[in-house]
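>>> need coordinates for the below:
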Amino acid sequence: MPVKALRTPDARFADLSGWPYQPRYVEGLPGYDGLRLHYVDEGPKDAAVTFLCIHGEPSWAYLFRKMIPVFTAAGHRAIAVDMFGFGRSDKPVDDTVYTYHFHRNALLAFVEKLDLKNICLVVQDWGGVLGLTLPMAAPQRYSRLLVMNTGLPGGEEAPAGFAMWRAFNRSQPDLNVGELMKRATPILSAAEMAAYDAPFPDQAYKGGVRRFPELVMLKEQGAADLTPLSKEGVETSLAARKFWKEDWKGESFMAIGMQDPVLGPPSMQFLRSFIKNCPPPMEVAEAGHFVQEWGAPIAKAALTQFKLG
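Residues are numbered from 1 along each chain as shown. The predicted structure is shown next:
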């Protein structure tokens with residue numbers, strides 16, 4: 001049975017600040033009948049390297065607007081995809097539709113549908129929680145990693161910063177996304193805040209936003225076990241840790257927004273411990289969780305390290 005979903009009106013995305021890119025869509029992904037997934041696709045389609053950018057909570061492809069032009073100016077292809085529930089992708093109205101594997105399987109199907117190869121995976125937040133599990137399913141497609149403020153949770157107890165975020169999100173069923181982004185990223189203009197609000201005309205569109213923190217594979221503080229929702233991705237996440245530690249053959253670049261209270265330096269150093277041959281990270285002193293807002297110098301540094309600039 002097709003999933004009932006909302007589609008944000010196109011007018012909400014008209015003339016967004018710093019976002020000149022044309023929308024593209026895929027429909028009919030296996031298991032996602034009737035749902036339309038949005039992405040932008042810039043640069044030469046026959047480029048040797050494709051930078052696949054995957055956002056997290058509660059953002060969308062717009063978060064990569066400062067990185068995409070750096071990649072394309074160097075002659076590469078840059079794709080930024082919106083997960084279901086976010087950006088210009090369709091938004092199921094039933095919160096229970098949003099599960100770990102609902103999101104992960106859609107990303108796997110998207111990569112297969114576009115037949116992407118020689119991928120540099122560019123991830124942050126949930127883009128990494130999910131995206132870092134993709135290469136083990138098709139390692140021949142991936143050659144490089146650019147990773148920022150994310151993790152591969154494996155059932156540990158939630159640190160205080162994340163516990164506070166999850167509790168806050170539960171108290172905000174109609175979360176003001178633009179205001180949240182501004183608090184985490186004080187450099188945002190009013191127009192940029194509006195762009196982050198654009199996908200969500202009202203509370204009915206925010207099921208994906210409400211749901212993501214509940215899916216993170218971390219125990220409540222003091223709890224003996226994970227909740228059924230947060231348990232779903234543990235096995236896959238632990239398998240991905242093993243892949244990155246033992247089987248990853250590509251190059252890696254890590255950047256850390258040092259002001260992030262949730263997925264900052266301690267979390268990123270833990271992640272680095274199981275990414276094979278990951279060099280010391282680029283530390284962005286003034287950046288917070290949404291480190292892509294300082295993305296241009298990060299993208300340039302990654303291209304230099306990868307000898308792709």
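
>>> could you list the buried residues of the lengthiest helix in the chain?
Selection of the longest helix in the chain by residue count, based on DSSP state H, yields helix 100-114. Going by neighbour count (16 or more other Cβ atoms under 10 Å), the buried part of helix 100-114 is Y100, F102, H103, R104, N105, A106, L107, L108, A109, F110, V111, L114. Where you see a C-beta, it was placed from the backbone N, CA and C, and this is true even at glycine.

>>> ok, stretch 285-303 next?
For stretch 285-303, by 16+ other Cβ under 10 Å, it's 287-295, 298-303.

>>> who touches the longest helix of the chain?
26, 29-32, 37, 39, 52, 54, 79, 81, 83-84, 119, 126, 130-131, 133-134, 137-138, 141, 215, 217, 232-233, 236 (Cβ atoms under 8 Å, 6 or more residues apart in numbering).

>>> just the element for the residue lying farthest from the centre of the chain, please.
Here the centre of the chain is the reference, and by Cα atoms, centre = their mean the most remote residue is A224, at 28.8 Å. If you go by DSSP states H and E, A224 is not part of any helix or strand.

>>> so who does P297 touch?
V284.

>>> wasn't it part of a strand?
No. Assigned with DSSP: H, G, I helix; E, B strand; the rest coil, P297 falls outside any strand and is helix.

>>> return the helix or strand in the chain with minimum mean pLDDT.
Scoring the helices and strands of the chain by mean pLDDT, DSSP states H and E places helix 160-170 at the bottom, with a mean of 92.

>>> for the chain, which spans come out with low pLDDT?
Across the chain, the ranges flagged by pLDDT under 70 are 1.

>>> please enumerate the helices of it.
Using DSSP H, helices in the chain cover 68-73, 100-114, 126-131, 160-170, 177-184, 190-197, 207-215, 228-231, 234-242, 265-272, 295-306.

>>> who wins for proximity to F253 among these?
helix 295-306 (4.3 Å; Cβ to Cβ).

>>> sorry, back to before: and the longest helix of the chain with helix 234-242, angle?
50 degrees (axes from the mean of the first three to the mean of the last three Cα atoms, to 10 degrees).

>>> which of the contacts of helix 100-114 count as buried?
Buried among the contacts of helix 100-114 (16+ other Cβ under 10 Å): 26, 29, 32, 37, 39, 52, 54, 79, 81, 83-84, 119, 126, 130-131, 133-134, 137, 141, 215, 217, 232-233, 236.

>>> take those residues and keep only those in strands.
Among the buried ones among the contacts of helix 100-114, the ones falling in strands (DSSP state E) are V26, L37, Y39, L52, I54, I79, V81, I119.

>>> tell me the bridge partners for the first one.
Note on V26: beta-bridge partners L37, judged by DSSP bridges.

>>> my read: L121 touches G131, true?
Yes. The pair L121 / G131 is scored as a contact, 5.7 Å apart, by Cβ atoms under 8 Å.

>>> which residues are in contact with both of the two?
If you check L121 and G131 against Cβ under 8 Å, 6+ apart, the residues they both contact are L52, I54.

>>> dump the residue contacts of M193.
Applying Cβ under 8 Å, 6+ apart to M193 gives the contacts G178, E179, M181, K182.

>>> could you single out the nearest of those to I256?
Nearest to I256 among the contacts of M193, with distances taken as Cβ to Cβ, is M181, at 18.9 Å.

>>> measure how buried that closest one is and give me the count.
Neighbours of M181 under the rule other Cβ atoms under 10 Å: 22.

>>> try R211
With other Cβ under 10 Å as criterion, R211 counts 21.

>>> now do it against P173, distance only.
Applying Cβ to Cβ, to the nearest Å, the value for R211 to P173 is 11 Å.

>>> and if you look at A287?
29 Å.

>>> for L6, which non-adjacent residue is closest in space?
K91 (4.7 Å; Cβ to Cβ, 6 or more residues apart in numbering).

>>> OK, contacts around that neighbour?
A5, L6, R7, T8, F84, G85, P199, Y205, K206, G207, G208.
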